[in-house]
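> this one's structure only:
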């Protein structure tokens, strides 16, 4: 039962459960003991190898100086994505990102069976301007690891860090960890107190803003990019999926 003084602002004054007041004025009044999660719920991030920057290389067709690629277009405050296209330069045989036009790289890293599989593609809409990468083991519905970045070395560091802590969300920039929310329970949930998680999440949000991301709820957008039941274009462990036709499509147009 919530006692709310302002319904529009959802100002919660008191919280009751089973006839007991649990919180008042934003402060917890009782001690909630930590739950003892079984060992099987932990250590679920199995990468199979230590990721390197080269795992995120996208080889261009032989002899190409420029390529047209499919791009996942993020729509702010919405679950659907747009199926976009972009012309990207080729440097030393590899497709390069186009940070000026908000096209950075996205990769899905298989993390349940330790296959070492990596699917590479491109995404637009996050607005990242600095060298950075954010990785998350919350990636509906299969919950592999999704990493989005402008720097391949940071992408590798971010994914490997989640392997070390058993899952969560992490943001790296120029080799430095800016924020981390550990989620060791199946790589999906934290076992820390709510106020601790909230503070870490706020630090993550602020770090994303400093990297140029201005989306209202960028973490939610990030976590939905592998949701291969909602149009239009998604990433999966088998490649890019056109959800309007439910078919795998090639990265190159």
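Noted; the coordinates are in hand. This is a predicted model, so every value here is computed, not measured.
> quick one: low-confidence parts of the chain?
In the predicted model of the chain, no residue satisfies pLDDT under 70.
> domain assignment for it?
Structural domains of the chain, as assigned by the TED database, span the residue ranges 2-32, 41-248.
> now those domains as TSV including mean neighbour count?
Just so you know, the C-beta spots here come from the backbone N, C-alpha and C atoms, and that holds for glycine as well. Written out in TSV, the entries for the domains of the chain read as follows (neighbours: other CB atoms under 10 Å):
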stretch	mean neighbour count
domain 2-32	11
domain 41-248	18
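> what helix or strand does residue 205 sit in?
Secondary-structure assignment from DSSP states H and E places residue 205 in helix 194-210.
> could you say what helices and strands that helix packs with?
strand 168-173, strand 176-182, helix 218-223 (3 or more CB pairs under 8 Å, 6 or more residues apart in numbering; DSSP states H and E).
> go again using 6 Å as the cut-off
Other elements packing on helix 194-210 under the criterion 3 or more CB pairs under 6 Å, 6 or more residues apart in numbering; DSSP states H and E are strand 176-182.
> which helices and strands does the strand it packs on pack with?
The helices and strands touching strand 176-182, judged by 3+ CB pairs under 6 Å, 6+ apart, are strand 168-173, helix 194-210.
> that strand vs strand 168-173, what angle?
An angle of 170 degrees separates the directions of strand 176-182 and strand 168-173 when computed by axes from the mean of the first three to the mean of the last three CA atoms, to 10 degrees.
> what are the pairing partners of strand 176-182, and which direction each?
Based on DSSP bridges, the strands next to strand 176-182 in the sheet, each with its direction, are strand 168-173 (antiparallel).
> in JSON lines: the helices and strands packed on strand 176-182, plus distance to residue 99.
Conversion of the helices and strands packed on strand 176-182 to JSON lines gives the following (distance: least, CB to CB, whole Å):
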{"stretch": "strand 168-173", "distance to residue 99": "13"}
{"stretch": "helix 194-210", "distance to residue 99": "15"}
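> residue 253: which of those is closest?
Minimum separation from residue 253 across the helices and strands packed on strand 176-182 (CB to CB) falls at helix 194-210, 29.6 Å.
> quick one: residues in contact with the closest one.
Here helix 194-210 makes contact (CB atoms under 6 Å, 6 or more residues apart in numbering) with 171, 178-179, 181, 190, 218.
> the same query, at a cut-off of 8 Å, please.
Here helix 194-210 makes contact (CB atoms under 8 Å, 6 or more residues apart in numbering) with 130, 134, 169, 171, 173, 178-182, 190, 218-219.
> how about stretch 28-40?
Contacts of stretch 28-40 from elsewhere in the structure, counted by CB under 8 Å, 6+ apart, are 20-23, 185, 191, 193.
> how does it look with 6 Å?
Outside stretch 28-40, the residues that touch it by CB under 6 Å, 6+ apart are 22-23, 185.
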